[in-house]
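let's see this in three dimensions:
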Amino acid sequence: MLKIKVNDTEIEVEDGLTVLQACEQAGAEIPRFCYHEKLSIAGNCRMCLVEMEKSPKPIASCAMPVTNGMNIKTNTPLVEKARKGVMEFLLANHPLDCPVCDQGGECDLQDQSMFYGIDKSRYKENKRYVPEKYMGPLIKTQMTRCIHCTRCIRFAEEIAGIDELGAIGRGEEMQITTYLEKSMQSELSANVIDLCPVGALTSKPYVFEARPWELKKTETIDVMDAIGSNIRVDTYGWEVKRVLPRINEEINEEWISDKTRYSCDGLKKQRIDTPLIKENNIYKKIEWEKALNIVAEKIKNTLPEKIAGLTGDLTNMETLFIVKEFFEKTIKSKNLDCRAENTYVNTENRKNYIFNTPLNKIEESDLILLIGTNPRFEGTILNLRILKAYRKNKTKIYSFGDIGELTYPYEVIENKTDIIKKIIEEKHNLSEIIKNAKKPIIILGQSVLKIKSSKYIFNEFKRFLEKNNKINNDWQSLNIFSNNASTVGAYDLDLINPDNSENFTLKSIKNNEFDIIFLFGQDNLKFIKKNEFIIYVGSHGDKGAEFADLVLPGSAYTEQDGYFTNLEGKIQKAYKASYPPGEAKEDWKIVNELANLIKRKKLFNDKNELNESMINYLKSKKVKVSRNSEKNEFVSEEILVEDIDYYYSNVISRASTTMTQCRNEKLNLKKNGTEG
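Purely as a prediction, here's the structure:
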């Protein structure tokens, strides 16, 4: 520990800190524009100047490391004069357009110029003008406002992992731009909007929508993927206007993907706001009472074994649990599953279906093996963590098959199950590499869990890792990469066939063996419908509603409180930010009312009772008897990673105009051969 003085107060700080960090630990506020905790030090803006004893001039505190015996002063006349001078320079060319700037009200330049700036400028020359740059459908530029802090450049290179932004010119003529003035190709690109301390980079879809003080802010959880990023939903009235990241160092740090941020306009488009029934292939509006009575009558006249249900990818845990109770206690049917595809999962132990390595520990890894997954599109924040591991440790990364451009280099292995068999039998050079690694991470994606050898690959790879002590109390190297927000929660609640190696419910649905099929937010089912009566409970008129004979309008994730368990098994609560449109209801209420009609008794009296029952169920779960002695079938086949339509991965993003623009932009770049 080093001893220093800050404003005549002696403190002890760790070696390696900068003066700025030490001053903040001492409680002194240091203004800054270019400095950011997650980015490398640039020392561009000079706003963080402080006075140091025996130094003839102020020092840039963000770039100066702490040494023993330093005497720092942050509030002297010299420091005050220096900061006013710096602010005068920064505002020399800045346009006076705060009233029409979208950054107004949450602008670092506004705040700091008020507190540290001067009331008039000595500059009389004409202000410079910088032409606008094109950065795609998400980022609006007004580069005349730019103060050259270079935060956006450093983010693109260090965090997003794509060198798309840079500076051209020198001095006053310097400009920040994408080199070919094309759309930014990173799935994290819009984070530069949060980083920009002025209004040079703002949100294009949000332009002139609202002022910060007009918005109601709700802290909640993202459901666009299985990461469970912490977000803040801002609403104007009851319309979701924007989604911003919340800091959670264990999960998403302070970044979110572009899909998380900009799919929100899909919450108000293609919405189902009233019950609908299909007559002569045309949907007609009906009353709630009539719709529920039709369902109740159908159920009463149908054998339980002829009724099936599938839950969806955005469904919260309360809805999953009440659906499970509805099938078990009201209908008395066992034909309920959460998988729309024949995906292998082993639910004997929770560690068999979660991402066991904590996201914030990935950077400690010295070896990462990707099997049947493309983390860039399946979980952008996870991909960011892998890049962090590569930058920190030069972690060796291998992938079964060429999965395209990632944000880090990786070595391609032939995408055959025979290679995995050789690794397990220790007949491949990767066997020794895995055994010699201190903290290896093996990531099994959903693509590999859908092939014929999925059971063999999971169970035998697990045995291989256990035998070589790569799965222990200190480090869990085997990880299942879920794609959907509801997946882990559904497995926790046992919404799965008893023999989960095969999805018998799905198989029977595709064989047209059921009379009634419930789709609870399920929009990914692919089958040829015959005489089944399909009931869709969901928020959007998408693929699931196309099948349906009866549509019951539900709520989106921002319109109801609900728990979600992320891919690493952390349960988090999403909070209600707005109300469902028209006559739509919260999903759990629809199921509860239906149960009341059929059995004359509600499953739960209120949401609190539902939550308590669900939590008690999770607490009382017992470890199942292991079936490791079962034979695991091996088939020689290719491991092909599914081509994920990143911007159209769920009902909300498919309804989003912004996501459609991003998708079209990407397709055009691919067509023209200029994709990054």
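
flag every buried residue along stretch 258-271.
Buried positions in stretch 258-271, judged by neighbour count with 16 or more other C-beta atoms under 10 Å: Asp258, Lys259, Thr260, Arg261, Tyr262, Ser263, Cys264, Asp265, Gly266, Leu267, Gln270, Arg271. Bear in mind the C-beta positions are built from the backbone N, C-alpha and C, glycine included.

can you tell me which of the residues you listed comes closest to Leu493?
Thr260 (24.5 Å; C-beta to C-beta).

which parts of the stretch 551-676 of the chain are helices?
587-599, 607-619, 651-655, 657-672 (DSSP state H, counting those that start in this stretch).

which of these sits most buried?
Counting by mean count of other C-beta atoms under 10 Å, helix 651-655 has the highest mean neighbour count of the helices of the stretch 551-676 of the chain, with a mean of 24.

picking that back up, can I get the buried residues of stretch 258-271 in CSV with pLDDT?
Formatted as CSV, the buried residues of stretch 258-271 follow (pLDDT from 0 to 100):
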residue, pLDDT
Asp258, 95
Lys259, 96
Thr260, 96
Arg261, 96
Tyr262, 96
Ser263, 95
Cys264, 95
Asp265, 94
Gly266, 95
Leu267, 95
Gln270, 94
Arg271, 95
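
give me the subset of the residues you listed that lies in helices.
Asp258, Lys259, Thr260, Arg261, Tyr262 (DSSP state H).

that older thread, which of the helices of the stretch 551-676 of the chain has the lowest mean pLDDT?
Looking at these, the lowest mean pLDDT belongs to helix 657-672 (a mean of 88).

give me the residues contacting that one.
Identification of contacts with helix 657-672 by C-beta atoms under 8 Å, 6 or more residues apart in numbering yields 136-138, 182-183, 185, 205, 258-259, 262-263, 265-266, 269, 645-648, 653, 675-676.

save the buried residues of stretch 258-271 as JSON lines, and put in distance to Gly105 too.
Formatted as JSON lines, the buried residues of stretch 258-271 follow (distance: C-beta to C-beta, whole Å):
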{"residue": "Asp258", "distance to Gly105": "23"}
{"residue": "Lys259", "distance to Gly105": "26"}
{"residue": "Thr260", "distance to Gly105": "23"}
{"residue": "Arg261", "distance to Gly105": "19"}
{"residue": "Tyr262", "distance to Gly105": "21"}
{"residue": "Ser263", "distance to Gly105": "24"}
{"residue": "Cys264", "distance to Gly105": "20"}
{"residue": "Asp265", "distance to Gly105": "22"}
{"residue": "Gly266", "distance to Gly105": "26"}
{"residue": "Leu267", "distance to Gly105": "24"}
{"residue": "Gln270", "distance to Gly105": "32"}
{"residue": "Arg271", "distance to Gly105": "30"}
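
out of these, who's nearest His94?
The shortest approach to His94 among those belongs to Arg261, at 26.6 Å (C-beta to C-beta).

separation between that closest one and Gly237?
As judged by C-beta to C-beta, to the nearest Å, Arg261 and Gly237 stand 20 Å apart.

and what of Lys621?
Taking C-beta to C-beta, one finds Lys621 at 42 Å from Gly237.

mind putting the helices of the stretch 551-676 of the chain in JSON lines, distance to Lys392 included?
Compiled in JSON lines, the helices of the stretch 551-676 of the chain are given as follows (distance: least, C-beta to C-beta, whole Å):
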{"stretch": "helix 587-599", "distance to Lys392": "42"}
{"stretch": "helix 607-619", "distance to Lys392": "35"}
{"stretch": "helix 651-655", "distance to Lys392": "32"}
{"stretch": "helix 657-672", "distance to Lys392": "30"}
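
and those: which comes nearest Ala190?
Of all the helices of the stretch 551-676 of the chain, it is helix 657-672 that lies closest to Ala190, at 10.1 Å by C-beta to C-beta.

Ala60: neighbour count?
The local packing of Ala60 (other C-beta atoms under 10 Å) involves 22 other residues.

so it sits against Gly43, correct?
Yes: between Ala60 and Gly43 there is a contact under C-beta atoms under 8 Å: 5.1 Å.

what does Thr178 show for phi and psi?
Main-chain dihedrals, Thr178, degrees, to the nearest 10: phi -80, psi 140.

ok, now which ones touch it?
Lys133, Tyr134, Met135, Glu164, Leu165, Met184.

one more time with 7 Å, if that's ok
Residues near Thr178 by C-beta atoms under 7 Å, 6 or more residues apart in numbering: Lys133, Met135, Glu164, Leu165, Met184.

show me where the stretch 251-400 of the chain has strands.
Using DSSP state E, counting those that start in this stretch, the strands of the stretch 251-400 of the chain run over 276-279, 282-285, 307-311, 336-337, 367-371, 396-400.

sorry, back to before: now, among the ones in helices among the buried residues of stretch 258-271, which is nearest to Pro56?
For those, the nearest to Pro56 is Arg261 (46.6 Å; C-beta to C-beta).
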